[in-house]
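>>> okay, structure incoming, though there's no sequence with it:
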């Protein structure tokens, strides 16, 4: 009967929607310098035209363009200087036909002028006269008011994640502080009598807790705050107290379960004992990730969730990325931006996963097109012929529970439930994982 | 004469090597949870074999594999139970031929057994006997000692940047704290009488300071610490005092210069007034980026640098990425890892930059192969035919000094000094910028 209750990813998302779609997101205001990685809780508009004045984009002389039509090295036009524009100051004089004024890059083009001649194309005859020996078109070498961006133009939408390159543009919009969504608080519990922390030397049959550290760093990179990381034994009473306590202090509790069947039952039992509706998903039809458990608790102030991840590190990381990260992005950050991905040539055939959506971890290698030796499926792929080099995606195959292959895992390739597999040599999309710092 | 003193990127690197290659990097110890984004100042080795015992990778029964050879549904083999292995505990009993013991996933395979039969392939006859109806090979469903990784295996080399996905593996290596390189301190000065801060509304002819915020967030994302950001006017005396003060408190001073020619002269003059050797590079043969100025100061304790960036935001960001970021990575972090990049189909022809190494900012767009309408150079490219979708790199063309196009800039394409340009439709490598948070 248990197998029948496995949900697809789409079913999991619908269930989450039921409980979390209408949840009010909490916001806070942060300074521009601390805004990287946060998610916008406000739309961002420019508060002014830029430039707000007609700005020269070269060092040169402001002119009335028609004065220069037809001029050349051998037939210059002579213009009378009416002044020099200072940086950061409006020009009080007017440049009409037959007149000119020096204007530095970034300076204001005076009224009457409609173009700027670069200083290289001008000879200074005396303090009052220049010879222009190249023609300019109207609007040449200047930016008109609002040409870069206009007042009230929308730069970013609510939900957008502020990246490094956005900070300069937020400064341009006058956003010295920014309204962002609060970081959801996550507690991570690792269950298993065999687990010890990273600072301990495991005794025979013990193993170090890897998952909670890996998941914590991934969740922080996604914009969450880690409230606590704790190792808990497999005893029902103690485990239950720890989960209840974590729930009280967090928006989301992640349980990095032991991988044995008994552990899954224990987690389900604890979740169901803590509130309503309790366990909403007993397993997810993805590979890897079937033993994923999801619990939800409707509380007076807010609804909270517990997600039990598979015990194997490579599975836990995939389920984090596919379920937990999407959960955080959608309900806490209102963010629907695509994950980072790149295209790569698949190095070998991939088999589909018996009717489940399948995530295959891959290692990315750069390969140049002109290598010697026997031609592999990759080298034979057409794509190589026109490329200086390509990314090759090599499936990572490892025994269940292995840790070291994680070092090589750059991302994963997704195969739908009805996929018949992927042929080596074709281009595939690789969703990148663990790219943050 | 000035044009003659422009250096190539390679010449700049050689000059930097002269002054900084032997500089001693400072280190500090940080906790594992705060290690993301830091650069390793020690090689990381595993301190144990993993697994440290023969570990079952399924829930099942430990057996002597030869006992199961030739068995099947219709011809099972009957084995006597000698015990049950507990998680996290060594097994005290021995499983010889004709015997078996239950072992959970992650549990220790008892001595004498050399394989594990999955529980699905076993019938429990009574408390003391099981029937195995599928054969297993020796070592099936278990991991041998050190099979995942061996004691003293090197996981990471000094200089590696710790990413999100490394944290779990560092935990596996028992690294509760990690020796990393100290963050270099950077001060950023924006010069220009026309500049105001992001919280101010510019008056006519004034503009908001964009560059220093953009550069600060990029430098922080690369692992530096920003000591200060300051706007300074164009007066020599004040500017000189501010640079001198910044140098005292930082390892590197970045000057985000005004873009006028006068400003470059001012910056050079100030740098040369502050110590020896002073300005070592008066300009760099890259496009954009020619007005880049580099100064070096040999001081009793350590050598420091001042880098004057171009005033145009799009140029400043490229020069940061190509010169400043490489400088930080090489001399402060000992890191030679490649920048993140991906392959994309170029949407149109790119012209080479008159003998200078050229960096063309591009926007990345995802395109599926089966779009309707007129075939562009991109759609005609062979590569499309075998791909579900590809990245298309669209050159960003904008007037000098524009800010808004930065929003679209995902990376850049590099053309060597002797390049004859790139043809639309070919695959190019796009170095990603501003990806951090």
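Perfect, thanks for sending it. Fair warning: this is a prediction, and the values are worked out from it, not measured in the lab.
>>> look up how far residue B:343 lies from residue A:346.
14 Å (Cβ to Cβ, to the nearest Å). All C-beta spots, glycine's among them, are computed from the backbone N, C-alpha and C.
>>> whoops, residue A:306 was the one
For residue A:306 relative to residue B:343 (Cβ to Cβ), the value is 41 Å.
>>> centre of chain A to the edge, which residue is at the far end?
residue A:126 (57.1 Å; Cα atoms, centre = their mean).
>>> could you list the domains of chain A?
Using automatic domain parsing, the domains assigned to chain A come out as A:2-26+A:183-332, A:28-47+A:152-181, A:55-143, A:341-432.
>>> which strands or helices does whichever strand or helix holds residue A:239 pack on?
Using DSSP states H and E, residue A:239 sits within helix A:236-249. Contacts defined by 3 or more Cβ pairs under 8 Å, 6 or more residues apart in numbering or on different chains; DSSP states H and E place helix A:236-249 against strand A:185-191, strand A:225-232, strand A:252-256, helix A:261-273, strand A:303-309.
>>> closest to chain B out of those?
helix A:261-273 (5.3 Å; Cβ to the nearest Cβ).
>>> which residues in the stretch 301-437 of chain A form strands?
Counting by DSSP state E, counting those that start in this stretch, the stretch 301-437 of chain A has strands at residues A:303-309, A:341-346, A:357-368, A:389-395, A:411-415, A:427-432.
>>> make TSV out of those and add mean neighbour count, distance to residue B:194 and mean pLDDT.
Output for the strands of the stretch 301-437 of chain A, formatted as TSV (neighbours: other Cβ atoms under 10 Å in any protein chain shown; distance: least, Cβ to Cβ, whole Å; pLDDT from 0 to 100):
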stretch	mean neighbour count	distance to residue B:194	mean pLDDT
strand A:303-309	24	51	96
strand A:341-346	25	41	89
strand A:357-368	20	44	90
strand A:389-395	22	44	87
strand A:411-415	22	45	95
strand A:427-432	21	41	91
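>>> okay if I get those as JSON lines plus distance to residue B:8?
Formatted as JSON lines, the strands of the stretch 301-437 of chain A follow (distance: least, Cβ to Cβ, whole Å):
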{"stretch": "strand A:303-309", "distance to residue B:8": "51"}
{"stretch": "strand A:341-346", "distance to residue B:8": "30"}
{"stretch": "strand A:357-368", "distance to residue B:8": "24"}
{"stretch": "strand A:389-395", "distance to residue B:8": "23"}
{"stretch": "strand A:411-415", "distance to residue B:8": "35"}
{"stretch": "strand A:427-432", "distance to residue B:8": "33"}
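>>> now do the contacts for residue A:249.
The neighbours of residue A:249, taking Cβ atoms under 8 Å, 6 or more residues apart in numbering or on different chains as the test, are A:185, A:187, A:227, A:228.
>>> my guess is the second one contacts residue A:225. True?
No - applying Cβ atoms under 8 Å as the test, residue A:187 and residue A:225 come out as separate, 10.3 Å apart.
>>> neighbour-wise, which of these two wins?
residue A:187 (25 against 13; other Cβ atoms under 10 Å in any protein chain shown).
>>> next, count neighbours for the closest residue to that one other than its chain neighbours.
Computed as Cβ to Cβ, 6 or more residues apart in numbering or on different chains, the closest residue to residue A:187 that is not its neighbour in sequence is residue A:246, at 3.6 Å. Neighbour count for residue A:246, taken as other Cβ under 10 Å: 24.
>>> how near is residue A:246 to chain B?
Applying Cβ to the nearest Cβ, to the nearest Å, the value for residue A:246 to chain B is 17 Å.
>>> pLDDT score for that residue?
Note for residue A:246: predicted pLDDT of 97.
>>> what's the answer for residue A:381, then?
Note for residue A:381: predicted pLDDT of 51.
>>> most tightly packed of the helices and strands packed on helix A:236-249?
strand A:252-256 (a mean of 28; mean count of other Cβ atoms under 10 Å in any protein chain shown).
>>> that one packs against which elements?
Looks like strand A:252-256 contacts strand A:185-191, helix A:211-221, helix A:236-249, strand A:303-309 (3+ Cβ pairs under 8 Å, 6+ apart).
>>> for these, which one sits closest to residue A:43?
Proximity to residue A:43 (Cβ to Cβ) singles out helix A:211-221 among the helices and strands packed on strand A:252-256, at 25.0 Å.
>>> and that closest one with strand A:303-309, angle?
Here helix A:211-221 points in a direction 130 degrees away from that of strand A:303-309 (axes from the mean of the first three to the mean of the last three Cα atoms, to 10 degrees).
>>> surely residue A:287 and residue A:361 touch.
No - Residue A:287 sits out of contact with residue A:361 when judged by Cβ under 8 Å, with a separation of 11.5 Å.
>>> circling back: the residue nearest to residue A:187 contacts residue A:185, correct?
No - under the criterion of Cβ under 8 Å, residue A:246 makes no contact with residue A:185, lying 9.7 Å away.
>>> what residues are shared contacts of those two?
Residues touching both residue A:246 and residue A:185 (Cβ under 8 Å, 6+ apart): residue A:227.
>>> same list, the helices and strands packed on strand A:252-256, but as a markdown table with distance to residue A:140 please.
As requested, those are exported to a markdown table (distance: least, Cβ to Cβ, whole Å):
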| stretch | distance to residue A:140 |
| --- | --- |
| strand A:185-191 | 56 |
| helix A:211-221 | 47 |
| helix A:236-249 | 63 |
| strand A:303-309 | 60 |
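>>> so where do the helices sit in the stretch 51-200 of chain A?
Secondary structure of the stretch 51-200 of chain A, counting by DSSP state H, counting those that start in this stretch: helices at A:166-172.
>>> how close does residue A:400 sit to chain B?
5 Å.
>>> how near is the spatially closest residue to that residue that is not a sequence neighbour to residue A:310?
Nearest non-adjacent residue to residue A:400, counting by Cβ to Cβ, 6+ apart: residue B:57, 4.6 Å away. Distance, residue B:57 to residue A:310, by Cβ to Cβ: 13 Å.
>>> the two: who's more crowded?
Shown here are residue B:57 and residue A:310; by other Cβ under 10 Å, residue A:310 has more neighbours (26 against 21).
>>> so what's that one up against?
Shown in contact with residue A:310 (Cβ under 8 Å, 6+ apart): A:257, A:259, A:288, A:289, A:290, A:291, A:292, A:316, A:319.
>>> one more time with 10 Å
A:211, A:256-259, A:264, A:284, A:288-293, A:316-320, A:400 (Cβ atoms under 10 Å, 6 or more residues apart in numbering or on different chains).
>>> likewise residue A:225?
A:182, A:183, A:184, A:185, A:186, A:219, A:250, A:251.
>>> any idea which residue of the stretch 301-437 of chain A lies closest to chain B?
residue A:434 (2.7 Å).
>>> now that residue: closest residue in space that isn't a chain neighbour?
Leaving aside its sequence neighbours, residue A:434 sits nearest to residue B:165 (Cβ to Cβ, 6+ apart; 2.7 Å).
>>> I'd guessed the one you found sits against residue A:405; true?
No - if you go by Cβ atoms under 10 Å, residue B:165 and residue A:405 don't touch, sitting 11.2 Å apart.
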